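[1] structure here, sequence nowhere to be found:
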């Protein structure tokens, strides 16, 4: 498998074909990629199977997706989702 690069908040992250965004972020030592609107508490991978919404991340400025269910693709640009993008804390 040939590794490729994605970025999170401008930081290069190595990923492998078939790897989820969450797995790539965790492999790079990034444990939090979202903050709650109330209290600004850090969130990242919790259940790892798509049942919760703690691992939301924005890819290319699009609405947030679950990082544990989304396959990393070469050149993905990941950012922390904003309330304006409709994350779970945007109520």
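    Here it is on my side, so go on. Quantities reported herein were computed from a predicted structural model and do not represent experimental measurements. Numbering: from 1, shown residues only.
[2] can we go C-alpha only for contacts and neighbour counts from here?
    Noted.
[3] mind giving me the packing neighbours of the least confident helix or strand in the chain by mean pLDDT?
    Taking mean pLDDT, DSSP states H and E as the measure, the chain has strand 34-35 as its least confident helix or strand, at a mean of 89. If contacts are counted by 3 or more Cα pairs under 8 Å, 6 or more residues apart in numbering; DSSP states H and E, strand 34-35 sits against strand 42-43.
[4] what is the rounded mean pLDDT of the strand it packs on?
    Per-residue pLDDT over strand 42-43 has a mean of 91.
[5] for it, which strands pair with it and how are they oriented?
    strand 34-35 (antiparallel) (DSSP bridges).
[6] which other residues reach the least confident helix or strand of the chain?
    Residues from elsewhere that reach strand 34-35 (Cα atoms under 8 Å, 6 or more residues apart in numbering): 41, 42, 43, 44, 54, 55, 56, 57, 80, 81.
[7] among these, name the buried ones.
    43, 44, 54, 55, 56, 57, 80, 81 (16 or more other Cα atoms under 10 Å).
[8] looking at those, which is nearest residue 72?
    Nearest to residue 72, judged by Cα to Cα, of those is residue 57 at 11.8 Å.
[9] and the gap between the residue nearest to the spatial centre of the chain and residue 42?
    Residue closest to the mean C-alpha point of the chain, counted by Cα atoms, centre = their mean, is residue 57 at 3.6 Å. Plainly put, residue 57 is 12 Å away from residue 42 if you go by Cα to Cα, to the nearest Å.
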